[in-house]
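J.: Dropping a prediction and its sequence here:
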Amino acid sequence: MSTHSYGVHELQKIKIWNYNPENKHTYIYIHGGAWRDPNNTYEELAPVAETTPGATFIGINYRLTSSKVKHPVHLADVTKAIVYIVTKFQLQEIHLLGYSVGATMILQLLQFKYYFNESFMYYKFWIMDKETAGESYDDSVFLELNEIEQKEDLINKLDKLIKLGKLTISSIKFLDGIYDLPKLLDEYPQYASWVRQAYPGQKLIQLTSLSNMTYQTTHALAPLTFDKSTSMIDKDAKLYIVHSLQDELLSLHQTRLFEDFLKNTVGKSCTVLTGDWGRHDDIYGDYRKEIFLYGEETS
């Protein structure tokens, strides 16, 4: 087991279990916690990793919501971590797992350029018109996004890895996830406080809408295209949508919305798994290993 830093902040770290270049499978996990809960970390992967020595496991921590960290900064952290992992380590089959808002960020990662650029434009207008920004004025997010674009060149780094075939995803598990923020707030208006802390403006919230992504499927920025030169997944990638029927924080509505989106817009089949696997914060409890590794042979 080892930890590595992909940035200077204490939360910009990854934790690796059982690394061996000869391992066939590598599982990369993105935790949830409403973009803000310090109790959710990469350690959620430990019970699975410590009992599965034949596969590599990598957990990603990212900065949590604050006055200086808003969408898409969390997503940029996850993307930096992915670029760091793929660049620094020899991996064979890569499997992504995201829990709750970790699943949200996996979906956004698949069209990172779109989310980054559209959000960056929002903060540019925020800078120019403080009165209509929607929250107290703070230019920290804009300055960081500008740094990412101008100096870190993150989009081009990601694109290069995809074009070289170094970032190809074999499977994705979306675990009790959020896929449409406007619909989430329609169903649970009481969630507006933490959503708006991370997404300080209705335009940003609307970006994370499956109806918005449906429009994008007619363009090159579609989240699930299979062109090997532009997408990190291909037609053979396995997609799983998982939901615990005992989840008290999310109904099946988000799962059904996402399932319908995949079937009706991009024509990608997926496997939907549901069962009595505990409450939201249990992260499947005793079933965690079974669900995280479902469909893959790790021995």
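T.: Perfect, thanks for sending it.
J.: By mean pLDDT, flag the weakest helix or strand of the chain.
T.: Here the helix or strand of the chain ranked lowest by mean pLDDT, DSSP states H and E is helix 210-216, holding a mean of 63.
J.: max-length strand in the protein?
T.: strand 233-244 (DSSP state E).
J.: Name every strand pairing with that strand and say which way it goes.
T.: Counting by DSSP bridges, the strands paired with strand 233-244 are strand 169-175 (parallel), strand 271-275 (parallel).
J.: okay, and for the stretch 51-200 of the chain, where does confidence drop off?
T.: When residues are selected by pLDDT under 70, those of the stretch 51-200 of the chain lie in 126-138.
J.: Run through the helices of it in chain order.
T.: 73-88, 101-109, 112-128, 140-147, 154-163, 181-187, 192-198 (DSSP state H, counting those that start in this stretch).
J.: Return the most buried member of these.
T.: Scoring the helices of the stretch 51-200 of the chain by mean neighbour count under mean count of other CB atoms under 10 Å gives helix 101-109 as the most buried, with a mean of 26. Glycine gets a C-beta too; all of them are placed from N, C-alpha and C.
J.: Verify the contact between residue 242 and residue 174 for me.
T.: Yes. Counting by CB atoms under 8 Å, residue 242 touches residue 174, with 6.8 Å between them.
J.: Give me the more crowded residue out of those two.
T.: For residue 242 versus residue 174, neighbours defined as other CB atoms under 10 Å are more numerous around residue 174 (29 against 23).
J.: what residues are up against that one?
T.: 98, 103, 106, 107, 239, 240, 241, 242, 258 (CB atoms under 8 Å, 6 or more residues apart in numbering).
J.: State the pair within those residues that is farthest apart.
T.: Among the contacts of residue 174, the pair separated by the greatest distance (CB to CB) is 107 and 242, at 14.0 Å.
J.: which one of the strands paired with strand 233-244 is the most hemmed in?
T.: The stretch of the strands paired with strand 233-244 with the highest mean neighbour count (mean count of other CB under 10 Å) is strand 169-175, at a mean of 24.
J.: now it: how far from the chain's centre is it?
T.: 10 Å (CA atoms, centre = their mean, to the nearest Å).
J.: do stretch 160-175 as well
T.: With CA atoms, centre = their mean, you get 13 Å for stretch 160-175.
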